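Q: need a 3D model of the sequence below.
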Amino acid sequence: MTSAHHLVVITGANRGFGASVAHSYLHHSGASAVSFVLVGRNEQGLTTVLQELQEESRTSSEPVTVNGVVVGNVDLADTEHLEKNLERIQTAMAQLHNEAAQSKSTIAKSVLVNNAGSLGDLTKTAKEFTWQEARRYFDFNVVSLVGLCSTFLKDTQVAFPKETYPEHKTVIVSISSLLAVQAFSNWGLYAAGKAARDRFLGVMALEEKSNNVKTLNYAPGPLDNEMQADVRRTLGDAEQLEIYDDMHKSGQLVRMDDSSRKLVLLLKKDEYITGAHIDFYDE
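A: As a prediction, the model looks like this:
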């Protein structure tokens, strides 16, 4: 195991794929210590996930030191309170930076996983959306991502200046989708939001490539989770709905742990091109 301390910020971490990413990072990243900042709406859920991580770290065949802070009651769709919530995430990161420094454990890699997001109204076609709906959707799914990425990157570069920490790596991940690169009916807001996120991280990759920063847009596949169940309840396109129903009934939906493990192993191997869009089904 590589002897390295990683700081990992995950949004939407209280359940579902975000929680799965946290567990996979613990077991498959190769880090000897992980400091988690778990962000989400449900504070009790976040606390439970952190406790599970700490318990698993103690019983693992290859022990990993786990530290963490939960930042609960965060609604990234609420832009009126976005600045305050970004400050709370900054405070949590600063706390973990200080604790690592006090224990003389240098953080070798800082990772942000932008997992929080929403589907939008899948009953509607593009012509049926109002600008008010679009604004609410993009506030949550694009505006908050821009704020998170820029805040995380600036704070990390202040904490680990290149001149002093030339080996420190910074990674920013957006949980993407096939919809970011291919259009399907009834996914107007979702597809546009994922495409915007992909392109933003692509631009950041170019701008920061000389600063030991990499970005990745990871499409986790059609996951067997609550969001996919919502798709099957609400999607207005009959042809797609039949495909998803068949996948669900035949057990072909992707297990969250399988997909999150693939993401963590991609980050561990570090062979992807910065700014890339990689799908679960890609080789």
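Q: now do the closest residue to Asp139 other than its chain neighbours against Val142, distance only.
A: Leaving aside its chain neighbours, Asp139 sits nearest to Thr79 (4.7 Å; criterion: CB to CB, 6 or more residues apart in numbering). (Glycine included, C-beta is placed from N, CA and C.) Per CB to CB, to the nearest Å, Thr79 is found 11 Å from Val142.
Q: can you check Gly275 too?
A: According to CB to CB, Gly275 stands 17 Å off from Val142.
Q: same drill for these two, tell me which one is more crowded.
A: For Gly275 versus Val142, neighbours defined as other CB atoms under 10 Å are more numerous around Gly275 (21 against 18).
Q: so the more buried one sits right up against Phe200, yeah?
A: No. Contact status for Gly275 versus Phe200: not in contact, 10.0 Å apart, counting by CB atoms under 8 Å.
Q: name the helices or strands packed onto the host helix or strand of Val146?
A: Assigned by DSSP states H and E, Val146 belongs to helix 144-159. Using 3 or more CB pairs under 8 Å, 6 or more residues apart in numbering; DSSP states H and E as the contact test, the elements touching helix 144-159 are helix 82-102, strand 107-114, strand 169-175, helix 188-208.
Q: tell me which residues in that helix are buried?
A: By 16 or more other CB atoms under 10 Å, the buried positions in helix 144-159 come out as 144-145, 147-149, 151-153, 155-157, 159.
Q: chain center to that helix, what's the gap?
A: Distance of helix 144-159 from the chain centroid (CA atoms, centre = their mean, to the nearest Å) equals 14 Å.
Q: list the contacts of that helix.
A: For helix 144-159, contacts defined as CB atoms under 8 Å, 6 or more residues apart in numbering pick out 9, 11, 76-77, 79, 82-83, 86, 89-90, 93-94, 97, 107, 110, 112, 114, 116, 170, 172, 174, 197, 200-201, 204, 208, 211, 213.
Q: also stretch 260-272?
A: Contacts of stretch 260-272 (CB under 8 Å, 6+ apart): 17, 20-21, 23-25, 27-30, 111, 169, 171, 173, 214, 216, 218, 220, 278, 280.
Q: for the closest residue to Asp121 other than its chain neighbours, give me its contacts.
A: Distances taken as CB to CB, 6+ apart put Glu133 closest to Asp121, at 7.0 Å, once the chain neighbours are dropped. Glu133 is in contact with 120-121, 189, counting by CB under 8 Å, 6+ apart.
Q: likewise for Asn217?
A: Asn217 sits next to 173-174, 176, 180, 197-198, 201-202, 275-278 when contact means CB under 8 Å, 6+ apart.
Q: turn the residues you listed into a markdown table, including pLDDT and distance to Ser260.
A: As requested, those are exported to a markdown table (pLDDT from 0 to 100; distance: CB to CB, whole Å):
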| residue | pLDDT | distance to Ser260 |
| --- | --- | --- |
| Val173 | 98 | 11 |
| Ser174 | 98 | 15 |
| Ser176 | 98 | 14 |
| Ala180 | 97 | 19 |
| Arg197 | 98 | 18 |
| Asp198 | 98 | 19 |
| Leu201 | 98 | 19 |
| Gly202 | 98 | 23 |
| Gly275 | 98 | 21 |
| Ala276 | 97 | 18 |
| His277 | 98 | 17 |
| Ile278 | 98 | 14 |
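Q: dump these to CSV, plus distance to Thr164.
A: Formatted as CSV, those follow (distance: CB to CB, whole Å):
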residue, distance to Thr164
Val173, 25
Ser174, 28
Ser176, 33
Ala180, 36
Arg197, 31
Asp198, 32
Leu201, 26
Gly202, 28
Gly275, 26
Ala276, 29
His277, 33
Ile278, 32
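Q: now do the buried residues in stretch 219-234.
A: Here stretch 219-234 shows 219-225, 228, 231 as buried, counting by 16+ other CB under 10 Å.
Q: distance of Gly147 relative to Leu153?
A: 11 Å.
Q: brain fart, Asp282
A: Distance, Asp282 to Leu153, using CB to CB: 26 Å.
Q: follow-up on the earlier one: so which of the contacts of stretch 260-272 belong to strands?
A: Judged by DSSP state E, strands contain the following of those: 111, 169, 171, 173, 214, 216, 218, 278.
Q: ok, which pair from the residues you listed is furthest apart?
A: Spatial extent of those (CB to CB) is set by the pair Lys169 and Ile278 at 17.7 Å.
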